[in-house]
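Q: Give me coordinates for this.
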Amino acid sequence: MKKYLVLCLLLMGVHVFAAVKSAPDNQCVIQQIETQQQSLIELEQKSAVKIPTGESHFLLKCELHQDRVFTFLKSELIEFEWRSADNEVKTPLQGTQPAYFLSRGSQLAELRFITHHGYIPYFQLLEVNTYIEQSQKTNLVMGSFYGLCLTLIFYVFILGRSLKDNTFRLYSAYISCASLFFLLQEGQLGLFLNAQSYWLSHQLYLMSAGLTVFSATLFIVRLTGLRTQWPKIINRLLFPSAWLVLGLSVLITLLEHNQLSALLGTVMAYLTLGIILVMVSLVAIQAYRRVPDALLVLVALSVLLLAMVFRVVLSDMSPTLNRYGLIIAFAFESFLLAVAVSERIKRLKKSKLLAEAEANYDLLCDVLSRRGWLKKAESLVEQQRHKGGMLGVLYIDLNKFKHVNDVHGHNVGDKVLQVVAKIIRHQIRDIDALGRIGGDEFVVLGHFSDKSIFHHLHQRVATRLQLIPIHTEEANITVSASVGAVDFMTIPKDISELLRDGDKAMYAEKLNFYHSINPI
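A: Purely as a prediction, here's the structure:
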């Protein structure tokens, strides 16, 4: 009998323990007053209660055995309010999202929400330590994200100023607007500003969304050159749509909440989705045509498009993707676009170097142009200033070159110039500056440690240019050149002094040439 009694008591104990174990430790029930719809909020679980468009009221009843924090997302809320059972308005905790401290025991409160769009705030009941830990993690991750955005903004903006390319400034504007949008969505400003501050308002949140779409459209079109390929689509469809999104974002902020503002908000969201879809389609064609950077931009836009689908069309499917999908997509897109921008920088630098090379070199004769020679001459003057020594100038002018062009044509004349330039280049040192500064005028400038070295160079060049046989399909001729030589033991006042004295010496040699063929 005693054994049977003990067994019964044990079974009853197990049953009571199981019942206590299965009983909820802490829970809240939230009920929409207008529809009587209820939802249970358990510890660390998100309650998917949908807030309808307009103004709505909810009744919150909690039975708590420990202190808890009640929190939810506010990105789509225009206004919210917590009234306790004694009709007192409760102030939320200072943080990124609305949060209210609930002490143990029974809690009863009425929540009032006003929103332009129906959305799910995902109510949560968290342990105090869990709430603090989650807030710290979120702020740390988002702080790193904003730091990355800030770095990109200044880096690309400075590059844009140095390269004088508005594409980079548009990229900085896009990153700035998007950063502000996410800053308002995630509520990091709430850590420093009063909850009623304008900077935390839903109006500014909507305006930042419109500015983000507008600046992104301008940047992508500029980066990928879409306007050049499809001017009608860009000018008549894409740009007007971007302007319309921006206009709607401003208009909604000016309207009182009503059905019109809700409809405009929906139009704005789907119009944004349409803009991204059009850009993805056009960039896909460019990627197929192997346009530079188009593939990178296509991948970036595709990820953003997917995130927007979860944000606008499938908003109820995943709370994580609904909140963080766009942030993750934007971070990924920013990285890929930064790579595309860096590739653009490389191409610009390459084009700049090529342009400078073309400006500094005479492509016909493969020697320095006048501009390139002047730069090289300045460096040689500085070399004399620091190292001493002397500068030597050879000023070379072809004899009767106009006669060659008039009789045999410019093709033969070009051939003569090329042969003369090649002969001079082979006679001088690699460190000497050889340039073509006029039609048939060449100048050699070198820095010498000894005067005799320069005179030997002068004699070698002058001798080699006395008789120059030229053989072409049009003619077989012999030409010559006059070579004037000037040495500068002291540093010249400027480069023009080098040319002026060299020119005088050359004309003296040319007079001797004409006297030799036409003696008086």
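
Q: how far away is Thr151 from Phe330?
A: 15 Å (C-beta to C-beta, to the nearest Å). C-betas here are computed from N, CA, C, even on glycine.

Q: the more surrounded of those two?
A: More crowded of Thr151 and Phe330, by other C-beta atoms under 10 Å: Phe330, with 25 against 12.

Q: which SS class is the more buried one?
A: helix (DSSP: H, G, I helix; E, B strand; the rest coil).

Q: So it sits against Gln185, correct?
A: No. In terms of C-beta atoms under 8 Å, Phe330 does not count as a neighbour of Gln185; the distance is 11.0 Å.

Q: what about the residue nearest the centre of the chain, which helix or strand?
A: The chain has Tyr171 as the residue nearest its centroid, 4.3 Å off, counting by C-alpha atoms, centre = their mean. Using DSSP states H and E, the element containing Tyr171 is helix 166-186.

Q: which other helices and strands contact that helix?
A: helix 128-163, helix 202-224, helix 319-360 (3 or more C-beta pairs under 8 Å, 6 or more residues apart in numbering; DSSP states H and E).

Q: Could you check how far His386 is from Val444?
A: 21 Å.

Q: one step back: buried ones in the helix holding Tyr171, by neighbour count?
A: Neighbour counts using 16 or more other C-beta atoms under 10 Å place 167-186 of helix 166-186 among the buried residues.

Q: now swap in stretch 394-401 and tell me
A: Buried, per 16+ other C-beta under 10 Å, within stretch 394-401: Leu394, Tyr395, Ile396, Asp397, Leu398, Asn399, Phe401.

Q: Give me the secondary structure label for the third one.
A: Just to be clear, that refers to Ile396. Going by three-state DSSP: Ile396 is strand.

Q: Bridging across strands, which residues link to it?
A: Counting by DSSP bridges, Ile396 is bridged to Phe442, Val483.

Q: and the helix or strand hosting Arg500, what does it pack onto?
A: Counting by DSSP H and E, the element that carries Arg500 is helix 495-517. Where contact means 3+ C-beta pairs under 8 Å, 6+ apart, helix 495-517 is packed against helix 370-387, strand 390-398, strand 441-448, strand 481-488.

Q: These into TSV, with extra columns for mean pLDDT and distance to Thr266?
A: Output for those, formatted as TSV (pLDDT from 0 to 100; distance: least, C-beta to C-beta, whole Å):
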stretch	mean pLDDT	distance to Thr266
helix 370-387	89	61
strand 390-398	93	77
strand 441-448	93	73
strand 481-488	92	80
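
Q: And those: which comes nearest Val278?
A: Closest approach to Val278 among these (C-beta to C-beta): helix 370-387, 46.0 Å.

Q: So which bits of the closest one are buried?
A: Burial within helix 370-387, assessed by neighbour count using 16+ other C-beta under 10 Å, is assigned to Arg370, Gly372, Trp373, Leu374, Lys376, Ala377, Leu380, Val381, Gln384.

Q: what do you get for stretch 436-456?
A: So, applying 16+ other C-beta under 10 Å, buried residues of stretch 436-456: Arg436, Ile437, Asp440, Glu441, Phe442, Val443, Val444, Leu445, Gly446, His447, Phe448, Phe454.

Q: and of those, the nearest to Ser106?
A: The closest of the buried residues of stretch 436-456 to Ser106 turns out to be His447 (C-beta to C-beta; 95.3 Å).

Q: Tyr205 contacts Gln185, doesn't it?
A: Yes. Taking contacts as C-beta under 8 Å, Tyr205 lies within contact range of Gln185: 6.7 Å.

Q: Overlap of the contact sets of those two?
A: Listed as contacting both Tyr205 and Gln185 by C-beta atoms under 8 Å, 6 or more residues apart in numbering are Ser75.

Q: Next, count neighbours for Leu40.
A: 12.

Q: Correction: the previous question concerned Glu343.
A: A total of 13 residues lie near Glu343 under the criterion other C-beta under 10 Å.

Q: Pull the contacting residues for it.
A: Pro292, Asp293, Leu296.

Q: Quick check: buried residues in the helix holding Arg500?
A: Buried-residue list, helix 495-517, by 16+ other C-beta under 10 Å: Ile495, Leu498, Leu499, Asp501, Gly502, Asp503, Ala505, Met506, Glu509, Lys510, Phe513.

Q: now these in CSV, with pLDDT?
A: Compiled in CSV, the buried residues of helix 495-517 are given as follows (pLDDT from 0 to 100):
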residue, pLDDT
Ile495, 88
Leu498, 87
Leu499, 90
Asp501, 91
Gly502, 91
Asp503, 91
Ala505, 91
Met506, 91
Glu509, 88
Lys510, 87
Phe513, 78
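
Q: and which of the residues you listed is nearest to Ser249?
A: Nearest member of these to Ser249, counting by C-beta to C-beta, is Ile495, at 59.2 Å.

Q: Tell me if I'm right that that closest one and Val381 touch.
A: Yes. If you go by C-beta under 8 Å, Ile495 and Val381 touch, sitting 7.2 Å apart.
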